[in-house]
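**Q** 3D, please:
(2 chains)
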Protein chains: 2
Amino acid sequence: MSDLKTLFRPRSVALIGASRDTKKYGYWTAKSLFDNKYEGDIYLISRSGGEILGHPTYPDIMSVEGDVDLAIIAIAPKYIVPVVEQCVEKGVKSAIVVSTGFGETGAEGKEIERQMLEIARKGGMRIQGPNCMGTYSAAVSMNASIIDLAPGPMSLVLQSGNFGIDLNFNAKARNLGYSCWATIGNQMDLRFHDFVEYLEEDDISKVILLYMEGLRVESEEDGRKFLEAARKVAAKKPIAAIKIGRSAAGARAAASHTGSLAGSEKIFDAALKQAGIIRVDSPNELLDVAEAFSKCKPAQGKRIAILTDGGGHGVMATDSAESFKLEAPVLSEATQGKLAEILMPHCPIKNPVDLAGTPEADMWVFDRCLDVLLKDPEIDGVVIVGLYGGYADLSEEFRELEMDVAKSMITRVQSSDKPVVMHSIYAPQRPECLAYISDMGVPVFDSVKAAMRTMGALVDYSENRNALQEEAQAELPALPADRKEKVDAIFGAVRESGRINLVETEAREVLSAYGLPLAECLLASSEDEAAEKYETLGGKVVMKIVSPDILHKTDAGGVALSIDSAQAAREAYARLVANGLNYKSDADIFGVMLTPMLPGGVECIIGASHDTTFGPTVMFGLGGIFVEILKDISFRVAPVNMPSCRQMVEEIKGHKLLEGARGSAPCDKEALAETVCVISHMVNELREIAEVDLNPVFAWEKGLAVADARIVLHPND
Amino acid sequence: MSDLKTLFRPRSVALIGASRDTKKYGYWTAKSLFDNKYEGDIYLISRSGGEILGHPTYPDIMSVEGDVDLAIIAIAPKYIVPVVEQCVEKGVKSAIVVSTGFGETGAEGKEIERQMLEIARKGGMRIQGPNCMGTYSAAVSMNASIIDLAPGPMSLVLQSGNFGIDLNFNAKARNLGYSCWATIGNQMDLRFHDFVEYLEEDDISKVILLYMEGLRVESEEDGRKFLEAARKVAAKKPIAAIKIGRSAAGARAAASHTGSLAGSEKIFDAALKQAGIIRVDSPNELLDVAEAFSKCKPAQGKRIAILTDGGGHGVMATDSAESFKLEAPVLSEATQGKLAEILMPHCPIKNPVDLAGTPEADMWVFDRCLDVLLKDPEIDGVVIVGLYGGYADLSEEFRELEMDVAKSMITRVQSSDKPVVMHSIYAPQRPECLAYISDMGVPVFDSVKAAMRTMGALVDYSENRNALQEEAQAELPALPADRKEKVDAIFGAVRESGRINLVETEAREVLSAYGLPLAECLLASSEDEAAEKYETLGGKVVMKIVSPDILHKTDAGGVALSIDSAQAAREAYARLVANGLNYKSDADIFGVMLTPMLPGGVECIIGASHDTTFGPTVMFGLGGIFVEILKDISFRVAPVNMPSCRQMVEEIKGHKLLEGARGSAPCDKEALAETVCVISHMVNELREIAEVDLNPVFAWEKGLAVADARIVLHPND
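**A** Residues are numbered from 1 along each chain as shown, chains lettered A, B, ... in the order given. So this is what the prediction gives:
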């Protein structure tokens, strides 16, 4: 675990490159530190000497009499290396390099980064940046950024200062602020996972927000470190993230912006999901969920009651429930009965509960209905939509009434264990009673969609947290003890023969070594042997040519089905070998394999590949048109345990096909998940593997059959 | 065409039910009329007499000396019928009934509506409402609503007053207003199509906005009238709509709110598309597109250049391009060259063009780059994202510079024929220079997504308009002249035998009468005949039992494939009939049909059904798992011409399967579209038909085969 205590809670700060020039970072940062009343000691380091903002300066950090926990460095790259050396010498524990002109500009800048990093590593100092916009920490009132940040329950780690400005406008309008705020720039040393780990322990942070353009990875271990850190922390407090570069074009643009590797969007998305992170699409959405996580009780389920004073808004809320994976169930008869006692006969009380013009006559209907809904054991949360906050415009009497009702509603919300969020068309004006409601724990949104989406995020997070727990507690698959020995022998032989492609018989041996139940498979290297092996198997068999030079066996005429006699096997052998040589005259043909011909089933694909950011990954999909046309595939970073594997099988769009569509019996989804699970642990253990492709896998009502298997290793170096 | 001139441009208005009670509509409306300085004569009608707001009142409309064009009626339902009679007698041409308590409350209210409508129809008077929130018209400065509306280029027709308030807040913040604004309430007389037709001629309206919960339909002709009116008008000016009740739960909620029939969401969505209407999801989106249509030049294509001063916002814009069907192409070498002359070497100039911090040194880079992009013939529009509008915060000098650059950019936009939209993180504060930019024709959004989505809507509308034109000019399919005679005979015989289900042989005759090329089909009613008919066809044939009592022929064992001799045909006949009787002992068996066995192909479905709102509709989809599991179907209200039919074939998710996936040849999409086209014209002409189901249709590389056909008629009354 990385200790960033001296970064976020330093007892003293040195600003190296402090300046009197009002157009420089060295001035702005000094001003921010003093204006925000940082509670520790501030040392201004300036080569030009004199006072800055009425404070004395030091010519260098060595001249500072006291200890320095944190150095903020705002000097040009060419002067930086000796300064970093001095910091280490002075015993500085953390540094923030806000200057630009490093790795992001080319080779020269990269070399300076390398030198800085080397010095820092040796000296036990951690560095944030370079090329960043600083740091804020409410715990010690330190604003070492140039943005006017306020204290509050959110923490934000971000890769773009502009984005920080953007979000901050909106946060201020909502009266929300930060515990920790850090721009990570080039991620030379400190990276997302370091911050996420630190924020787990930061009690002020109720929610962690990430704005990501890409992880900086030198090896796949970097991606996995992020995944592990986020997974661990998200199990305790919510993490929400924007990851831009979602589209192929966007990923290219992001790469040219920060130089970070975008990796595969699908894998990144899967990794965020595996980490239990709520992924959002825009700055506003990020703040919406941040506000909800800061204020609301956790959701225990997805059954939502909608309370509205205007039909249209109620319908809009109901419309969007499904897209945010919420349910707006018909209310229980008991609850309908209680509501009927409160409401006029013309008010629809299914769900949405529509006050339909009654608040003008009696504002307390809001409060009474909310009470009934919060007490309904079949309801997990309430969304109030419509006009609340605007009744005050009618008269002074209404203004008071609206506030009284708001206070009562807040008492009910606070004593309930269910989340409540609100929409009001008056939200943008933030009238007194909505400001009260919002500050007291019910976020108020200006769009119905945002209110519903945010309630959906609360539910998502609860589900994520349960899933993380279940996944962590799941038993690992029981893998044969001698698997590695066996596989080492196979891989060794393959490498020895100068190959990285395993032939099917070898791939099957590897899978068998991991305990996957495969049909018997015999290799024949002559017609006689083919006949003999046929007799061993009997019944109907499939014969396939085995050659590292023939990858597409069917195209090469290298497959024979329904062989049902020794004589037919003998003939097939000759035919397949002849076809093989005809297809590729210098093919190295190992022989022909025989395996029992198994009945078909629903065609699936189980595979694994290697991602530049996260390393080994596993995938599941339906075969044929589903994978080819609809790209209907689920991914995870390997390894995954059974709960995630079951999710992978469930989450593909065509999963109904596995449940017995078109009158057929349902498939053995558990067997599919188990195979995915074993493959994921296999590729995690055997990092030599670049790619696994079990295609097709036939899923049956009971069990499955791997009908073809391919494994490719990474090249030798 | 409905003439609503006296509704929106009356020379005089009578407010019936004018009141001194400040809690009543009769007071609020009077105040609105006077406050807004309506330019015609206002007559206040009040039974209690005296002055209201310093103006004299009349005891009834008959006492008014001058002519009255428009009556606004704000009195309780029980008094309303004689008042409507008086209005007719007085020669009033239009009335707005704002009172509530009519059809929305039950049978009694419905009866009052019926009486009002009868009187109005006889007297040639049109009525808006009842149960509505009034009308606004900028042309005559008439605010007969209780909302503070301002003049401007939008017109809004809506079914919810609350929604009107909601939208108006936002509109005011954007400095946008209305030409015509009307709440249509119960749609007793005047409906959406009446307003849409009127607004075509209203020159002040640049864009028409609809907020719909459902159409009021007494017959399918009402739905079709809306479709026709909207299609006609959208070809000239943009229409954007929200239609709520999108989800099943939402549709139920909407129905209980307004009592209007929600109809099928999929069909409603198709109808909006056919009308060329831009459908949006939320009030904010509606206003976004309204603003863009009011201000921007039409888009001629979807190739967008993104200009940004911050990497992150540029990437976000690029990310969302695809989801809004925009392209952010790599810029031409010529354009890249020109930009390279303007920008510093470190600025990425692919697309997005990233100013990357240079504006602080030279604000004019914005203007110069915009100029280059607008002049690029390979670019159809420009989206500017980032921080513009916030440079003013740096210094007074920057404030002036930012305004000067804004003025120059506006000149360029105005002299270009391309749309430009903008995002700025400073948009919510609406600083001076952004207010200028927005008022001068470049909408400025506070989210990148909104900017991109809105540019997408501009492109959509241009494409819609082209599609409407193409569709209108398309040749109708050449249908045989004697089709109706033939079909009448078939339907007559079916009805005569007390049926509404056609057997397959009858359904095939109907399709043949419409000129669809079907394989020969012969009916045999004995074993001998089966043998004889087999000889006529020869080769391999399919035999199917023909019985109105056996709908699922396969389940009943009523289908035999690959019959290749007279003897086999004879045996099959006996077997199929026996199976049929075994399946249903009292089945009326017409015989067994024989038809050549045709090769398979890509399995498609072409069908037609009846929608309660829009009448006959047509559908196309891929068969098997696509339709059963993925519900991958396209719909249209019938009839449709070839351009729309081609779209229907293209727009299904699995359309790649038709283009020769998995190494097979592409299908004859034109033949599929032609069949859809004929079916659509057939069901439009033959309103007796309730349902058509051609399933499966095998699409070949050339042509297609209808392998099974089913037609069901509407019940007799």
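
**Q** flag the shaky bits of chain A, pLDDT-wise.
**A** For chain A, applying pLDDT under 70 flags the ranges A:1-2, A:252-263, A:662, A:717.

**Q** pick out the residue closest to the middle of it.
**A** Nearest residue to the geometric centre of chain A (C-alpha atoms, centre = their mean): residue A:272, 1.0 Å.

**Q** list the contacts for it?
**A** A:230, A:241, A:243, A:279 (C-beta atoms under 8 Å, 6 or more residues apart in numbering or on different chains). C-beta coordinates here come from the backbone N, C-alpha and C atoms, glycine included.

**Q** count of neighbours near the second one?
**A** Going back to what we said before, that points to residue A:241. 21 (other C-beta atoms under 10 Å in any protein chain shown).

**Q** helix or strand: which one has the residue nearest to the centre of chain A?
**A** helix A:265-274 (DSSP states H and E).

**Q** what segments of the stretch 451-600 of chain A are strands?
**A** Per DSSP state E, counting those that start in this stretch, the stretch 451-600 of chain A carries strands over the ranges A:522-524, A:541-546, A:559-563, A:591-596.

**Q** so who does the residue lying farthest from the centre of chain A touch?
**A** For chain A, the largest distance from the centre (C-alpha atoms, centre = their mean) belongs to residue A:567, which lies 56.9 Å off. By C-beta under 8 Å, 6+ apart, the contact set of residue A:567 is residue A:531.

**Q** need the CA coordinates for stretch A:400-409. PDB is fine.
**A** Taking C-alpha atoms only, stretch A:400-409 is exported to PDB below (Å, rounded to 0.1, in the frame of the first residue of the first chain):
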ATOM      1  CA  GLU A 400     -43.800  28.600   4.700                       C
ATOM      2  CA  LEU A 401     -45.900  25.500   4.200                       C
ATOM      3  CA  GLU A 402     -43.500  24.200   1.600                       C
ATOM      4  CA  MET A 403     -40.600  24.600   4.100                       C
ATOM      5  CA  ASP A 404     -42.500  23.000   6.900                       C
ATOM      6  CA  VAL A 405     -43.400  20.000   4.700                       C
ATOM      7  CA  ALA A 406     -39.800  19.800   3.500                       C
ATOM      8  CA  LYS A 407     -38.600  19.700   7.100                       C
ATOM      9  CA  SER A 408     -41.000  16.900   8.000                       C
ATOM     10  CA  MET A 409     -40.000  15.000   4.800                       C
END
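
**Q** how about that stretch, does it reach chain B?
**A** No - counting by C-beta under 8 Å from any C-beta of the partner chain, chain B is not contacted by stretch A:400-409; separation bottoms out at 14.8 Å.

**Q** tell me which residues of that stretch are tucked away?
**A** Along stretch A:400-409, these residues count as buried under the neighbour rule (16 or more other C-beta atoms under 10 Å in any protein chain shown): A:401, A:402, A:403, A:405, A:406, A:408, A:409.

**Q** so the fourth one is in contact with residue A:368, correct?
**A** No - using C-beta atoms under 8 Å, residue A:405 is not in contact with residue A:368; the gap is 9.6 Å.

**Q** what about the residue nearest to residue A:266 when sequence neighbours are not counted, how many neighbours?
**A** Spatial nearest neighbour of residue A:266, excluding adjacent residues (C-beta to C-beta, 6 or more residues apart in numbering or on different chains): residue A:635 at 5.3 Å. Applying other C-beta under 10 Å, we find 25 other residues in the vicinity of residue A:635.

**Q** which of the helices or strands spans residue A:635?
**A** strand A:633-637.

**Q** what does the very next helix or strand once past that strand contact?
**A** Heading C-terminal from strand A:633-637, the first helix or strand you meet, by DSSP H and E, is helix A:642-651. Here helix A:642-651 makes contact (C-beta under 8 Å, 6+ apart) with A:274, A:467, A:470-471, A:474-475, A:477, A:618-620, A:634-636, A:640, A:655, A:658, A:669-670, A:672-674, A:676-677, A:680.

**Q** go on, stretch A:707-717?
**A** Stretch A:707-717 has contacts (C-beta under 8 Å, 6+ apart) with A:491, A:494-495, A:500-502, A:504, A:506-508, A:510-511, A:551, A:598, A:610, A:687-698.

**Q** one more: stretch A:429-437?
**A** Contacts to stretch A:429-437, defined as C-beta under 8 Å, 6+ apart, come from residues A:173, A:175, A:388-390, A:392, A:399, A:402-403, A:406-407, A:409-410, A:422, A:424, A:426-427, A:438, A:444, B:169.

**Q** before we move on, the earlier item: now the angle from the helix holding residue A:272 to strand A:633-637?
**A** Angle of helix A:265-274 versus strand A:633-637, following axes from the mean of the first three to the mean of the last three C-alpha atoms, to 10 degrees, is 60 degrees.

**Q** show me what counts as buried in helix A:265-274.
**A** Buried, per 16+ other C-beta under 10 Å, within helix A:265-274: A:265, A:267, A:268, A:270, A:271, A:272, A:273, A:274.

**Q** list the contacts of the very next helix or strand once past that helix.
**A** Toward the C-terminal end, the helix or strand that comes next after helix A:265-274 (DSSP H and E) is strand A:278-280. Applying C-beta under 8 Å, 6+ apart, the external contacts of strand A:278-280 come out as A:238-243, A:269, A:272-273, A:286, A:288-289, A:457, A:460-461, A:464.

**Q** mind listing which of these are in helices?
**A** Mapping those onto helices (DSSP state H) picks out A:269, A:272, A:273, A:286, A:288, A:289, A:457, A:460, A:461, A:464.

**Q** contacting residues for residue A:343?
**A** Per C-beta under 8 Å, 6+ apart, neighbours of residue A:343: A:349, A:353, A:355, A:358, A:365, A:369.

**Q** get me the contact residues on the stretch 451-600 of chain A for chain B.
**A** Residues of the stretch 451-600 of chain A lying near chain B (C-beta under 8 Å from any C-beta): none found.

**Q** hmm, residue A:336 is touching residue A:347, no?
**A** No - if you go by C-beta under 8 Å, residue A:336 and residue A:347 don't touch, sitting 11.2 Å apart.

**Q** circling back: out of the strands of the stretch 451-600 of chain A, deepest packed?
**A** Highest mean neighbour count of those: strand A:541-546, a mean of 25 (counted as mean count of other C-beta atoms under 10 Å in any protein chain shown).

**Q** much appreciated, bye for now.
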